[in-house]
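Visitor: sequence and computational prediction follow.
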Amino acid sequence: MTMFLVKRVLSSIVTLFVIITITFFLMHAVPGGPFATNEKLGQGIIKAMEAKYGLDKPLIQQYWIYLKNLAKGDLGMSIASKEGKTVNYIIGQKFPVSARLGGLAVLLALILGLLMGCYAALRHEKFVDRLVMFISTLGIAVPSFIMGMLLLLLFGVALRWLKFIGLNSPLDYILPTFTLAFYPACFIARLIRSSLLDVLGQDYIRTARAKGLPASSVLIKHAIRNAILPVVTYLGPLLAYVLVGSFIVERIFSIPGLGLFFIQSITSRDYPLIMGTTIFLAALIIFMNLVVDLVYVVIDPRIKLK
Amino acid sequence: MAKKPFSFQTDPSMFEPADPEEKKELIIQRQSLSFWQDSWRRLRKNPTAMIGLALIILSLLFAFIGPLIVPYKYDEQIRGFENLSPMQTPQERSAARAEVPKPKNRSEEFAYDFDTSASGEKTAPETAAVELKEAVFPHVLGTDSLGRDNLVRLMYGSRISLLVGIIASVIILIIGSIYGAFSGFIGGRTDNVMMRILELLYAIPDILIVILLSIVLKAPLSQLFAVSPALSKLTGIGPGLLSMFITFALLYWVGMARIVRGQVLQLKEQEFITAAQALGANNNRVIFKHLLPNCIGPIIVTTTFQIPNAIFVESFLSFIGLGISAPMASLGSLANDAMSGIQTYPYMLAQPAIMIAIIILAFNMLGDGLRDALDPRMKK
Amino acid sequence: MDNTAKTLVDIKDLKVSFFTPAGEVKAVRGISWSLKEGEALGIVGESGSGKSVSVYALMGILQNPGKVIGGFITFNGIDMLKLKEKQWQKIRGNDMSMIFQDPMTSLNPVYTVGNQIAETVMAHTKTRQREANVLAVASLAKVHIPNPDKRAKQYPFEFSGGMRQRAMISMSLCCEPKLLIADEPTTALDVTIQAQIIDLLRELKQRTNMGIILITHDMGVITDICEKVVVMYGGQIVESAAVKNLYKNPSHPYTQGLLECLPRLVSDEEEPLKPIEGSPVDLLNPPAGCPFAPRCARCMKICLTEQPPQFEIETEHYSACWLHALDN
């Protein structure tokens, strides 16, 4: 158990380190540097700017400085922002908006997915099951940004029921949250449906019935408890999905979150910001995967021995 | 227990021994089918999979044969035909405009100006040629802000998306299955190291790296393409696409490698592999002749699911402004272009959005069917 | 055998079918048998003969799409097929309980063994968790599991196969049932462990007055425990008798085949084992005549077209074979 913990934490650190390294060298491999595109600046100014951001030093030295700053939690300065804001400040400003949306979406996806999946499994091969399978196949196949666009076209443009720009009132959360949650909800529904069907066919469910337990107890205590395990492993990828999905959803619905800002920083070639955001999001995903693995150990006693 | 005395009258001949022939009739013979016949039979019985297959064939026809039928080119800008709604002609729009004198927004005003001033400048034969085409083939899905035919752009967009999906999946298939097969077959320490590398790649949030790679690769590749135009003629793809293929080749084969490795680990314990080795087959022969062909079911299924995934990643990148470069279009970049005019021209967003949905849905439907048909564990 | 004992189970003309997409699979096609208190009945037959399905029907745990489509089941004087699910729950695990073939998969992997036994106790009696836990430990001790205190707190994967089957048995006995159904309880176990489990079952039978139904395809196990035996083939009973009569005078060609399959330790010469040729019945389209006819070496014309009735060979010994018609 402790071995597992130590191994798992170490491998997370290694992964993060690899990502930091890849990100750093990739960003510095771009020819021309961040100021090259701005033709209005003279050579002298470019030199001065590069000196200011430490871009004139040898690459390895820059890498070392970046790592040292990173260890202190400093992600550097944003180049594109006029007032010279730090990347930390920008993430601090923009991330809560994305996090609130993402959190809501995860919650909605879990509730919707579990309800749909369990209901379908219990009505196996009946109408409800077929309906859920139809909706979830559709939901898995149609990418979230297409879903978002279609929802936007329907409710925002055609019906004019909901506004589709910004997040100013609680109602504004409906479309983006649903857009973001729809795919994972469908995925969870399929996951729990197939795993519940599998579990319901297991011998220990027959044992539970043979013991004379009430149907509700058989279902909740014996079936769902086991069937939910795959859903827990999906929580890590779910979070990564929501983060990436937020790029698109924020672009579609003009939500001033980290995702929208990230996309804008790609076009403005704000390399420290791109790097900082990438590393921040990667660290978040890796950390959540670690948490999910630990939760899994707690709920599945069989893992402990390994 | 009911005891039935033998009281009814029966023909004594009934108590003669039965022929083996007569007995044989009672033994049910199941038809024996080859693996592929059996799989195809099961696939054909699955309506969802068949609808998926039909949609894929239709999309392929639409994307590759369609542009031969429509008389416009994807980069052909026809002046005076900007921002037409589906089936509309400029004349009709002028008439409609006259009733509603005030244009809705600036871009349309701009288009309106073009409409009256620019068409006058055209030489008579040019206009006549355009009108002739127009008479034969109207702009079924309208035109975009540069006067390009939406239908033909949608066809080209689908072509790019399908090509990306298929080529990327083939790249993934080759790299992934070879890596997985060698890792699983060699085993031991090599397998361990190869799997560690794989786990590391797996833990990296892929889309972030894909975005970074696209940014990084775009500039040098553009230069490369600028230096040698022959390259782009030869390959028929732009720098955006090439960078996308490189990212796929670098990152997305992990899933395939895992599946193939798992299969190989199972298979290599079986007798026919030992037999092949005993008969003196070398490792390469065992892997390519004996192991990989036996993993073909899972490989096909994974590839079928990889295609929509690649299409999704491509349209995602194009949608956030990376990926394909203008004037070529993919479904993602078409959707991205349409976002700015969503209020006035919602249909321009709906067209690529629905097309992506159809293609991805079709591959997923076929993939589900193939998995059921090819996976022997699902056999009843 | 005590002839005055009360009848515990009475099954009459039971028919069970599975309604699959391919059609109606007639798994059990009209079987009848009965069991008295304190008596043990063996049901023998190959896979797919309907032996497990018939007792699932008795327990009321047939899985969809399986349904009882005809006949009567009387248990302890109650007409079981008229019961509602809630009433049936009160009997299952309490008055009749069951152990299954594969102890590896029959226990829920995410709960401790003690928890799963205590759960059964609490479902049928008004006990609190703590008392139920004590009962669970006592019940583990009854099936000779060493260190029951410690064992009760362990998960099934920490048990060996034989220990798990003991835990399963203790779980089925914790409410002191009138009837224990054992569905191939030894098939998945090692031979030495099999013997231990059989010994345990025999001991339990002597200690309590419970009726036992033992399902197996192993004729040897039957002789160890049972007084009566029913041989099933293709969803029907082909022969039923007291165990000693069946061995002395096997009358149905299938039973004879089964007994010839058993390797004999003491034999006059080096004779090879005799397998029964052919493959089992297709229950989707069951044959019009005797189900065993296509594989029977002594098959007659009538066997292919007419179902044989049950012929009485001696007292309480019936065989469903047309050959007996020739004896008359």
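Guide: That came through fine.
Visitor: show me the domain layout of chain B.
Guide: B:57-66+B:149-378, B:78-147 (automatic domain parsing).
Visitor: following element in sequence after whichever strand or helix holds B:L163, please.
Guide: Element membership of B:L163 [criterion: DSSP states H and E] is helix B:150-186. For helix B:150-186, the following helix or strand on the C-terminal side (DSSP H and E) is helix B:188-203.
Visitor: list the buried residues of that next one.
Guide: Within helix B:188-203, the residues that count as buried by 16 or more other C-beta atoms under 10 Å in any protein chain shown are B:D191, B:M194, B:M195, B:L198, B:L201, B:A203. (Glycine included, C-beta is placed from N, CA and C.)
Visitor: take those residues and lay them out in CSV including distance to chain C.
Guide: Putting these into CSV (distance: C-beta to the nearest C-beta, whole Å) gives the following:
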residue, distance to chain C
B:D191, 27
B:M194, 30
B:M195, 25
B:L198, 28
B:L201, 32
B:A203, 27
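Visitor: would the helix holding B:L163 count as contacting chain A?
Guide: No. With C-beta under 8 Å from any C-beta of the partner chain as the criterion, chain A is not reached by helix B:150-186; the gap is at least 11.5 Å.
Visitor: now do B:I178, the pLDDT please.
Guide: Looking at B:I178, its pLDDT stands at 88.
Visitor: can you count the residues close to it?
Guide: Neighbour count for B:I178, taken as other C-beta atoms under 10 Å in any protein chain shown: 17.
Visitor: quick one: it from chain C, how far?
Guide: Separation of B:I178 from chain C (C-beta to the nearest C-beta, to the nearest Å): 37 Å.
Visitor: re earlier: identify, from the buried residues of helix B:188-203, the entry nearest to A:I90.
Guide: Nearest to A:I90 among the buried residues of helix B:188-203: B:A203, at 26.0 Å, using C-beta to C-beta.
Visitor: quick check, pLDDT for the closest one.
Guide: We have a pLDDT of 69 for B:A203.
Visitor: count the neighbours of residue 130 for me.
Guide: As the question left the chain open, I've gone with chain A. Under the neighbour criterion other C-beta under 10 Å, A:R130 is assigned a count of 13.
Visitor: was after chain C, sorry
Guide: If you count neighbours by other C-beta under 10 Å, C:R130 ends up with 9.
Visitor: and it, that one's in a strand?
Guide: No. C:R130 is assigned helix when assessed by DSSP: H, G, I helix; E, B strand; the rest coil, not a strand.
Visitor: run through chain A and note the low-pLDDT ranges.
Guide: Residue ranges of chain A with pLDDT under 70: A:1, A:30-44, A:46, A:49-50, A:52-55, A:80-84, A:162-167, A:303-306.
Visitor: quick check: residues of it near chain C?
Guide: Taking C-beta under 8 Å from any C-beta as the criterion, the neighbours of chain C within chain A are A:124, A:201-204, A:206-215, A:217, A:221-222, A:225-226, A:299-302, A:305.
Visitor: quick one: low-confidence ranges for the stretch 51-200 of chain B?
Guide: Checking the stretch 51-200 of chain B against pLDDT under 70 turns up B:71, B:74-141, B:145-147.
Visitor: list the buried ones in stretch B:261-268?
Guide: Of the residues in stretch B:261-268, those with enough neighbours to count as buried (16+ other C-beta under 10 Å) are B:R261, B:Q263, B:V264, B:L267, B:K268.
Visitor: give me the distance from stretch C:115-129 to the chain's centre.
Guide: 26 Å (C-alpha atoms, centre = their mean, to the nearest Å).
Visitor: up against chain A, what does chain C have?
Guide: By the rule C-beta under 8 Å from any C-beta, the part of chain C lying against chain A is C:59, C:61, C:63-64, C:85-86, C:89-94, C:97-98, C:100, C:102, C:105-111, C:119-120, C:123-124, C:155, C:157-158, C:168, C:171-172.
Visitor: inside helices: which ones of these?
Guide: Within these, residues falling in helices by DSSP state H are C:59, C:85-86, C:89-91, C:105-106, C:119-120, C:123-124, C:168, C:171-172.
Visitor: and the buried ones among those residues, selectable in PyMOL?
Guide: If you want just the buried ones from these in PyMOL, going by 16+ other C-beta under 10 Å, the selection is:
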select buried, chain C and resi 59+89+91+105+106+119+120+123+124+168+171+172
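Visitor: so which residues of the stretch 251-380 of chain B form helices?
Guide: In the stretch 251-380 of chain B, the segments counted as helices under DSSP state H, counting those that start in this stretch are B:254-267, B:271-278, B:283-285, B:292-294, B:296-319, B:331-339, B:346-374.
Visitor: other SSEs contacting the first one?
Guide: Using 3 or more C-beta pairs under 8 Å, 6 or more residues apart in numbering or on different chains; DSSP states H and E as the contact criterion, the neighbours of helix B:254-267 among helices and strands are helix B:150-186, helix B:188-203, helix B:292-294, helix B:296-319.
Visitor: how about B:Q263: what's its closest non-neighbour residue?
Guide: With sequence-adjacent residues excluded and distances taken as C-beta to C-beta, 6 or more residues apart in numbering or on different chains, B:Q263 is closest to B:C295, at 4.1 Å.
Visitor: brain fart, A:I91
Guide: Distances taken as C-beta to C-beta, 6+ apart put A:F280 closest to A:I91, at 5.6 Å, once the chain neighbours are dropped.
Visitor: returning to what we had before: which of the residues of chain C next to chain A come close to chain B?
Guide: When contact is defined as C-beta under 8 Å from any C-beta, those do not meet chain B at all.
Visitor: in which helix or strand does the nearest residue to C:Q89 once chain neighbours are set aside reside?
Guide: Distances taken as C-beta to C-beta, 6+ apart put A:G212 closest to C:Q89, at 4.8 Å, once the chain neighbours are dropped. A:G212 belongs to no helix or strand when assigned by DSSP H and E.
Visitor: and for A:G212, the neighbour number?
Guide: Residues near A:G212, counting by other C-beta under 10 Å: 24.
Visitor: near chain A, which residues of the stretch 1-150 of chain B are found?
Guide: Within reach of chain A by C-beta under 8 Å from any C-beta, the stretch 1-150 of chain B has these residues: B:T48.
Visitor: most neighbours per residue, which of the helices of the stretch 251-380 of chain B?
Guide: Ranked by mean neighbour count under mean count of other C-beta atoms under 10 Å in any protein chain shown, the helices of the stretch 251-380 of chain B are led by helix B:331-339, which reaches a mean of 25.
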